[in-house]
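Participant: make a model of this:
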Amino acid sequence: MLSRTRQNALSLPAPTADAVAFSSALSDHIAAEIAAAGGWIGFDRFMDLALYAPAMGYYSGGAHKFGAAGDFVTAPELCPAFGQTIAAQAAQLLALGAPRIIEVGAGTGQLAADLLLELELRGALPASYAILELSGELRARQQQTIARRALHLLSRVHWLDQLPEHFDGLVLANEVLDAMPAHLVVWNDNGIAERGVGCDYGQFTWRDRPASGRLRERAQALAADCELPHAYLSEVSLAAAAWVTEWAAILGRGALLLIDYGFPRREYYHWQRNAGTLMCHYRHHAHDEPFYLPGLQDITAHVDFTAIAEAGCEAGLDLLGYTTQASFLFNCGLTDVLARTPVADSLRYLPLANAVQKLVSPAEMGELFKVIALGKGITEALQGFVTGDRSATL
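Facilitator: Next up, the predicted model:
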């Protein structure tokens, strides 16, 4: 629910009538929950409903999300070299832990297919490859992708409905943390407020109220640590930290390998970043209006990697490495993967080289995207972090 004037100002592609009806149904559902809660819900709850409300949310509904026909392009969609390179780190971790992989939020299944085919080439296939995916539509796409590209390996893949009670092996998540519901917090001279959502005359509106409980404690600690200025707005993702803590209780021997865009805490909460990192993605347009067409657009917040590392270490995991995506991929042999395609074969090489450039360029994904590894029972240095490890910045 966003005013027509504001929608026009965003200059976004017009949705179809069916899409508008789908979004309107979700908006009504969210408005009803706001009313039942007394006129206010935290933004984390709004984000949760907009993305994951059963059969209605962006990820749980049927919206086309990934690739040229969707709203954004992730690294696995750019080229197979991303998954082929990550396979080097996966192979090392499988050898050090257990030959099993769980991928969380597998998108279209491209990364799973690329990883399985490359691990087969390296003689390091996992005994099982599980995918934890909440969206039925995405599960179907993942099955189709793997069947089309690696049919002979499909029998190794199965889908999970919930986290396992215990797991040894590699847990892989690419661009998962950024889509976890985040609280919005405003630090003012007169206190700390949580920014939530109300509904007036059929329109969602911002409403602040005093922060409380764990959110207030976290916000107070951030203010003391980062010296935040007056009227500072940013996100606090309690959900992402809790997710890591939950995995720490599940993991026996192995590692979490998490890839996403974000910063260490002091860079995340820099005084100049005073409007936060909240961003929405619709038809390859990025904007900052989360109330626009709920259910039809992605809503994300950058990752505070310090919080991720702290949550893991406090729950018994070891920090195994933290670096940029560019450094990680180069350490894992990206140039060797690229060299498999002859330069003389320009029809294949040039598109691949352009895609690789996006993966590693500081102006594209190379610097903003980071890779962090947290594990148990892993004492050997990991290949992806042999140079350029930035753990000391966390």
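
Participant: show me where the stretch 201-350 of the chain has its strands.
Facilitator: Secondary structure of the stretch 201-350 of the chain (DSSP state E, counting those that start in this stretch): strands located at 203-210, 232-236, 251-263, 279-282, 285-287, 298-300, 303-304, 318-324.

Participant: most packed of those?
Facilitator: Using mean count of other CB atoms under 10 Å, the stretch among the strands of the stretch 201-350 of the chain with the largest mean neighbour count is strand 303-304, at a mean of 28. Yep, even glycine has a C-beta here, placed from its N, CA and C like the rest.

Participant: list the helices and strands that strand packs on?
Facilitator: When contacts are defined as 3 or more CB pairs under 8 Å, 6 or more residues apart in numbering; DSSP states H and E, strand 303-304 sits against strand 251-263.

Participant: show me what the strand it packs on is packed against.
Facilitator: Judged by 3+ CB pairs under 8 Å, 6+ apart, strand 251-263 is in contact with helix 81-96, strand 167-174, strand 303-304, helix 305-314, strand 369-376.

Participant: need these in JSON lines (columns: distance to F22 and mean pLDDT).
Facilitator: Formatted as JSON lines, the helices and strands packed on strand 251-263 follow (distance: least, CB to CB, whole Å; pLDDT from 0 to 100):
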{"stretch": "helix 81-96", "distance to F22": "31", "mean pLDDT": "97"}
{"stretch": "strand 167-174", "distance to F22": "27", "mean pLDDT": "98"}
{"stretch": "strand 303-304", "distance to F22": "29", "mean pLDDT": "98"}
{"stretch": "helix 305-314", "distance to F22": "33", "mean pLDDT": "98"}
{"stretch": "strand 369-376", "distance to F22": "31", "mean pLDDT": "98"}
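
Participant: thought Q383 was touching F330?
Facilitator: No. Counting by CB atoms under 8 Å, Q383 stays clear of F330, with 10.7 Å between them.

Participant: I'd like the strands of the stretch 201-350 of the chain as TSV, with distance to G191 appended.
Facilitator: Putting the strands of the stretch 201-350 of the chain into TSV (distance: least, CB to CB, whole Å) gives the following:
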stretch	distance to G191
strand 203-210	6
strand 232-236	12
strand 251-263	26
strand 279-282	27
strand 285-287	30
strand 298-300	26
strand 303-304	22
strand 318-324	33
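
Participant: which one of the ones you listed has the poorest average confidence?
Facilitator: Ranked on mean pLDDT, the bottom entry among the strands of the stretch 201-350 of the chain is strand 285-287, at a mean of 88.

Participant: which residues touch that one?
Facilitator: Contact with strand 285-287 is made by 10-13, 279-280, as judged by CB atoms under 8 Å, 6 or more residues apart in numbering.

Participant: can you give me how far that strand is from the chain middle?
Facilitator: How far strand 285-287 lies from its chain's middle: 17 Å, per CA atoms, centre = their mean, to the nearest Å.

Participant: kindly report the same for stretch 80-88.
Facilitator: Centroid displacement of stretch 80-88 relative to its chain, using CA atoms, centre = their mean, is 18 Å.

Participant: could you list every helix and strand in contact with the longest helix along the chain?
Facilitator: Ranked by residue count under DSSP state H, the longest helix found in the chain is helix 17-36. Judged by 3+ CB pairs under 8 Å, 6+ apart, the packing partners of helix 17-36 are strand 41-42, helix 43-52, strand 191-200, strand 203-210.

Participant: list the buried ones in it?
Facilitator: 22-23, 26-27, 29-31, 33-34 (16 or more other CB atoms under 10 Å).

Participant: dump the helices and strands packed on strand 251-263 to CSV, plus distance to A221.
Facilitator: Formatted as CSV, these follow (distance: least, CB to CB, whole Å):
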stretch, distance to A221
helix 81-96, 32
strand 167-174, 25
strand 303-304, 12
helix 305-314, 10
strand 369-376, 20
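
Participant: so which of those gets nearest I146?
Facilitator: With CB to CB as the criterion, I146 lies closest to helix 81-96 of the helices and strands packed on strand 251-263, at 12.1 Å.

Participant: okay, now the sheet partners of the helix or strand immediately after the closest one in the chain, with direction.
Facilitator: Downstream of helix 81-96, the first helix or strand assigned by DSSP states H and E is strand 100-104. Strand 100-104 has its sheet partners listed here by DSSP bridges as strand 128-132 (parallel), strand 167-174 (parallel).
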